[in-house]
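Participant: show me how the following folds:
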Amino acid sequence: MRVPRIVLDTNVLVSGLRSRRGASFRLLSEVGRGGFEIALSVPLVLEYEDVLLRQRKATGLSTADIDATVNYLCSVGILQRVFYLWRPQLADPGDDFVLELAVAASCGTIVTHNIRDFQDAARFGIRVMTPGVFLRQIGVFP
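Facilitator: Sure thing, here's the model as predicted:
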């Protein structure tokens, strides 16, 4: 049986690194343990790095910590090339590349805190859920 493949939106990554409480941190703790796979693209990895560097103070991470975090995600994630762009599809054009990655990588789910921004993902057969809902779905969160 194939494990779920997801796209982890940047806001979940930042949230999980800002606080050790809550579903975002728990989700990050589960990355690489085999319960699900994360899909990555070059634009998403660059966004992770850019946003985390700008959020250094809020996360309390050093540049080396951020590099290590991004490198870890790259080592356990599935790198997907995106050949087709379907823009614009979402209310926030800055989120279109996340949806395109989810489609290209055959992900069933985008995990985000911005559910409303991804409402149109359903047209592509992709569910959008918060970290807590996703973790409950795979059975690792009460």
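
Participant: name whatever forms a beta bridge with residue 79.
Facilitator: residue 40 (DSSP bridges).

Participant: tally of neighbours for residue 122?
Facilitator: Neighbourhood size, residue 122 [other C-beta atoms under 10 Å]: 10. For glycine as for every other residue, the C-beta is placed from the backbone atoms N, C-alpha and C.

Participant: same check on residue 48?
Facilitator: 21.

Participant: ok, now which ones touch it?
Facilitator: 10, 13, 70, 73 (C-beta atoms under 8 Å, 6 or more residues apart in numbering).

Participant: same deal with residue 121?
Facilitator: Contacts of residue 121 (C-beta under 8 Å, 6+ apart): 90, 99, 102, 110, 127-128.

Participant: likewise for residue 74?
Facilitator: Residue 74 neighbours (C-beta under 8 Å, 6+ apart): 40, 45.

Participant: and the end-to-end length of stretch 16-35?
Facilitator: 18 Å (C-alpha to C-alpha, to the nearest Å).

Participant: most widely separated two among the contacts of residue 121?
Facilitator: Greatest spacing in the contacts of residue 121, by C-beta to C-beta: 90 and 127 (14.8 Å).

Participant: is the closest residue in space to residue 19 that isn't next to it in sequence within a helix or a strand, and which one?
Facilitator: Using C-beta to C-beta, 6 or more residues apart in numbering and skipping residues adjacent in sequence, the residue nearest residue 19 is residue 25, 6.2 Å away. Assigned by DSSP states H and E, residue 25 belongs to helix 23-30.

Participant: ok now that helix, how far from the chain's centre?
Facilitator: Chain-centre distance of helix 23-30: 11 Å, with C-alpha atoms, centre = their mean, to the nearest Å.

Participant: mind listing what's buried in that helix?
Facilitator: Within helix 23-30, the residues that count as buried by 16 or more other C-beta atoms under 10 Å are 23-28, 30.

Participant: ok, now stretch 98-110?
Facilitator: Applying 16+ other C-beta under 10 Å to stretch 98-110 flags 98-105, 107, 109-110 as buried.
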